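# Provide a 3D model corresponding to the input given below.
(chains A and B)
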Amino acid sequence: MVAAGTDTPFVIAGRALRSRLMVGTGKYKSPDEMVRAIDASGAEVVTVAVRRVDLNRSRDDGVLPHLDPTRFFLLSNTAGCYTAADAVRYARLARAAGFNEWVKLEVIGDQDTLLPDTAALLEATRTLVADGFVVLAYTNDDLITALRLEDAGAAAVMPLASPIGSGLGLLNPYSIRTIKHRLSVPVIVDAGVGTASDACITMEQGVDGILMNTALAAADDPVRMAHAMRLAVDAGRQAHLAGRMPRREVAVPSSPSVGMLE
Amino acid sequence: MMERAVSLDGVVPVVNGEERTVATGSTIGDLLRELNVSPHAVVVEHNREIVRDRDRLDSIVLVTGDSLEIVHFVGGG
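All right, here's what the predicted structure looks like:
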């Protein structure tokens, strides 16, 4: 028995992280709302995307002026890339910004579902690992792909709960549990969480962390939802560590059956 | 004929997908200053090669047909 609330450190590629909740920075109504939501979430790892600067200045969408790089660990993604070559190109551009060598690798295979192209994902993982990147690979909830990604040198594997931006929650807890049981590298569920109960149930499967964006940004009150997610991730984690009671198909009384009146 | 003479004074690199005329002899650094973009806020890819050392931005002279990508971090998941 250990003290209530304690946990082992959450470590990826030798770096201990202070929160098991990672958050994105997309789709907020304003930079101010984004910053307040990230603060409320308690996240340390914050994802960003690489895009062209708008040279005509009709919009200034740069995110760095709003994020203090001493407080947050920037995790660049390759969202929007449909080939291994494109994903590698975006990862290298992000690294050249000079913050770190981590990449949340996405290679998308289909526009409607945004499901990953797992063959291209494996190819890009091998290329980037050989090039010194710490690769966190966004993938589907398929055990074999997850195992191959680990073999390819991924520092963490990030299976989806359900499609990106869908908010459908954890569709296949069995697959996620199986992936967690079989992999040695951290497993972080990325995408699909819609509300706090989804996050809690996901963490109860024993995974190491969760990454989410739309669940916060598209909530009516993103700051409050970020707070709720922080509590839910912690609650789910603690419930996992506590070890739940066995499920039974019959009732078992909680009060003594002896000592009843005649 | 006058227009032709003017265009001979410039070079036309493709910058973030759009042709842009800049003065002959301009460096990438000159272009960034003209666009009011801080070199430290962006990453530049010149003909598919990342310019890792920002000091080099002031020594790469642009020519017509050069492809330049100027990127930065935006919100994403």
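# could you check the pLDDT of the residue of the stretch 1-150 of chain A found nearest chain B?
Among all residues of the stretch 1-150 of chain A, residue A:49 sits closest to chain B, at 2.7 Å; criterion: C-beta to the nearest C-beta. Yep, even glycine has a C-beta here, placed from its N, CA and C like the rest. At residue A:49, the pLDDT value in this model is 97.
# that one in helix, strand or coil?
Following DSSP: H, G, I helix; E, B strand; the rest coil, residue A:49 is assigned to strand.
# that one - how many residues pack around it?
Residue A:49 has 25 neighbours, counted by other C-beta atoms under 10 Å in any protein chain shown.
# give the contact list for it.
A:26, A:76, A:77, A:79, A:80, B:73, B:74, B:75, B:76, B:77 (C-beta atoms under 8 Å, 6 or more residues apart in numbering or on different chains).
# do that again at 10 Å, thanks
Shown in contact with residue A:49 (C-beta atoms under 10 Å, 6 or more residues apart in numbering or on different chains): A:24-26, A:61, A:63, A:76-80, A:90, A:94, A:104, A:106, B:71-77.
# and residue A:47, by the same measure?
A:22-26, A:63, A:73-77, A:79, A:104, A:136, A:190, A:211-213, B:73, B:75-77.
# 8 Å instead?
A:22-25, A:74-77, A:104, A:211, A:213, B:76-77.
# ditto for residue A:94
With C-beta under 8 Å, 6+ apart, residue A:94 has these contacts: A:48, A:50, A:76, A:103, B:43, B:73.
# ranges for the strands of chain B?
Using DSSP state E, the strands found in chain B span residues B:10-11, B:14-15, B:18-19, B:22-23, B:43-46, B:49-50, B:67-75.
# what lies in contact with the longest one?
Under the criterion C-beta under 8 Å, 6+ apart, residues A:24-28, A:34, A:48-53, A:55, A:61-64, A:74, A:76, A:93-94, A:97, B:13-16, B:28, B:31-32, B:35, B:37, B:41-48, B:62 lie in contact with strand B:67-75.
# interface residues of chain B facing chain A?
B:15-18, B:35-37, B:41-43, B:45, B:48, B:50, B:52, B:69-77 (C-beta under 8 Å from any C-beta of the partner chain).
# please indicate which of those residues are buried?
B:15-16, B:35, B:37, B:42-43, B:45, B:50, B:69-77 (16 or more other C-beta atoms under 10 Å in any protein chain shown).
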